[in-house]
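A.B. asks: Build the 3D model from these lines:
(one chain, ligands or ions: 1)
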Amino acid sequence: MINFIPIPGFPGAIAQSSNNNALANKNVGTFALEVPSNCLTATNQVIGTWTGIRQLKHDANGDHFAGAQVSRLGNPLINEIVIGLRDKYVFNAGVPSQDVGNNFGPYVLYPTLPAIVTSLFLTAVNSVLGTTLTTLAPTTPRSDLAITFLSGIPGINQSPVQTPAVLGEVLRLNISIAPKAMSAQLPLGVVGGDTAGFPNGRRPGDDVIDIALQVVVSGILCSPQYNGAFGCNSTQAPIYNVALTDGAPVSAADFQNKFPYLNYPYPGYGNGTANYFPTTTTTSPSAGPSFPSLIAISIALLAGFFISFAFLAF
Ligand SMILES: [Ca+2]
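C.D. replies: Below is the predicted model of the structure:
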């Protein structure tokens with residue numbers, strides 16, 4: 001799913017091009033909700049959310065009911081590239097409050113992805129750059145990843161009223177940080193200097209693949225600009241200043257400026273050809289109240305499954 005030819009300026013490095021988007025012109029089923037934000041907060045303005053997919057079951061009368069949870073996700077890519085194969089079933093069947101007890105912490109503190117990238121690229125990087133790096137991976141244990149994905153970032157999306165911070169794999173959002181107009185959104189979110197973006201919530205135009213590569217593999221949060229706030233420094237992250245990328249750009253400009261913010265699906269007929277959007281204008285939902293009074297939540301929906309939203313008001 002991820003193209004590992006990622007180092008800009010490196011011979012053979014991938015260039016930013018929409019042609020690298022393997023999902024272009026593909027449809028993803030989505031279930032979108034727009035919820036008044038004041039329905040989701042408790043004693044402070046930080047919330048956590050995740051989704052679960054449940055099997056569709058039938059009783060003796062043929063009525064539907066929700067079976068066991070078979071998939072779960074808060075932050076993108078956690079299930080795919082962080083949780084180890086032997087524990088994916090446990091992770092998918094569980095809830096965030098069980099993550100510490102299920103001993104998922106080491107997957108975050110000692111991630112495999114940077115080690116894989118090192119095994120693939122270390123020799124080539126040293127050869128081309130004339131360096132003698134012994135690894136491309138930041139030093140473990142990765143306190144920066146624990147803060148980013150398990151506790152929330154202090155001052156951004158960590159609950160200010162819980163000490164110590166509650167750990168668990170949820171997508172955290174600080175509603176008190178004002179959302180930005182689409183024209184002002186930066187695709188790299190927090191690491192790009194836009195605290196209204198991922199991992200403080202997730203907007204459709206946030207380039208979560210590039211963000212994850214630069215946080216997990218480059219170790220950008222160990223760079224001098226963060227001054228040790230994430231428990232690491234640049235000497236522990238050999239390529240902290242390398243902007244790793246999958247080469248597939250995405251930004252807010254690719255999406256609608258009103259709920260559900262995601263684009264309308266492509267028709268099955270003529271997909272991939274020019275001018276295959278309907279030429280007639282259909283009535284679309286009104287923009288409704290402006291942010292931040294509403295939060296839009298969307299997730300991929302698999303046919304034949306129940307889906308549940310869970311909100312954690314800290
Ligand atoms: Ca990208």
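A.B. asks: right, and the helix or strand after the longest helix along the chain?
C.D. replies: Scanning the chain for the longest helix, with DSSP state H as the assignment, gives helix 113-129. Using DSSP states H and E, the next helix or strand after helix 113-129 towards the C-terminus is helix 143-145.
A.B. asks: Tell me, how many residues neighbour the residue nearest to residue 108 when sequence neighbours are not counted?
C.D. replies: Nearest-residue entry for residue 108: residue 145, 5.0 Å, with adjacent residues in sequence omitted and distances by C-beta to C-beta, 6 or more residues apart in numbering. In this view, the C-beta of every residue, glycine as well, is placed from N, C-alpha and C. A count of nearby residues for residue 145, using other C-beta atoms under 10 Å, gives 25.
A.B. asks: which residues touch residue 145?
C.D. replies: Residue 145 is in contact with 108-109, 111, 215-216, counting by C-beta atoms under 8 Å, 6 or more residues apart in numbering.
A.B. asks: Residue 78 is in contact with residue 169, isn't it?
C.D. replies: Yes - Residue 78 lies in contact with residue 169 (C-beta atoms under 8 Å); the separation is 5.6 Å.
A.B. asks: now the longest strand anywhere in the chain: mean pLDDT?
C.D. replies: For the chain, the strand with the greatest residue count under DSSP state E is strand 46-58. Strand 46-58 carries an average pLDDT of 91.
A.B. asks: Pull up the pairing partners for that strand, direction included.
C.D. replies: Paired with strand 46-58 in the same sheet, following DSSP bridges, are strand 64-73 (antiparallel), strand 171-174 (antiparallel), strand 305-313 (antiparallel).
A.B. asks: need the least confident one among the ones you listed, by mean pLDDT.
C.D. replies: strand 305-313 (a mean of 56).
A.B. asks: that older thread, looking at residue 78 and residue 169, which one has more neighbours?
C.D. replies: residue 169 (25 against 21).
A.B. asks: Please confirm that that one is located within a helix.
C.D. replies: No - assigned with DSSP: H, G, I helix; E, B strand; the rest coil, residue 169 falls outside any helix and is coil.
A.B. asks: Touching, it and residue 151? I think so.
C.D. replies: No - Residue 169 is not in contact with residue 151 according to C-beta under 8 Å; the separation is 10.7 Å.
A.B. asks: Quick check: the gap between residue 34 and the ion.
C.D. replies: Applying C-beta to the ion, to the nearest Å, the value for residue 34 to the ion is 27 Å.
A.B. asks: What is the burial count for that residue?
C.D. replies: As a burial measure, residue 34 scores 16 neighbours (other C-beta under 10 Å).
A.B. asks: and the chain, which residues reach the ion?
C.D. replies: 207, 209-210, 246, 248 (C-beta under 5 Å from the ion).
A.B. asks: 8 Å - rerun?
C.D. replies: Neighbours of the ion within the chain, by C-beta under 8 Å from the ion: 16, 20, 187, 207, 209-210, 245-250.
A.B. asks: So, low pLDDT: which residues of this protein?
C.D. replies: Scanning the chain with the threshold set as pLDDT under 70 gives 1-12, 270-314.
A.B. asks: For the stretch 151-300 of the chain, which segments are assigned as helices?
C.D. replies: 208-212 (DSSP state H, counting those that start in this stretch).
A.B. asks: Greatest separation within the contacts of residue 145: which pair is it?
C.D. replies: Maximum pairwise distance in the contacts of residue 145, criterion C-beta to C-beta, is 14.1 Å, between 109 and 215.
A.B. asks: For those two, indicate the residue with more neighbours.
C.D. replies: Legend: neighbour count by other C-beta under 10 Å for residue 109 and residue 215, higher for residue 215 (26 against 14).
A.B. asks: In contact with the more buried one, which residues?
C.D. replies: Taking C-beta under 8 Å, 6+ apart as the test, what residue 215 contacts is 144-145, 148, 191, 221.
A.B. asks: cool, residue 122 as well?
C.D. replies: 133-136.
A.B. asks: overlap in contacts of residue 78 and residue 169?
C.D. replies: With C-beta under 8 Å, 6+ apart as the test, residue 78 and residue 169 both reach residue 149.
A.B. asks: Now a ChimeraX select for only the buried ones of the contacts of residue 122.
C.D. replies: Only the buried entries of the contacts of residue 122 go into this ChimeraX selection, using 16 or more other C-beta atoms under 10 Å:
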select :136
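A.B. asks: host element of residue 32?
C.D. replies: Residue 32 belongs to strand 30-36, assigned by DSSP H and E.
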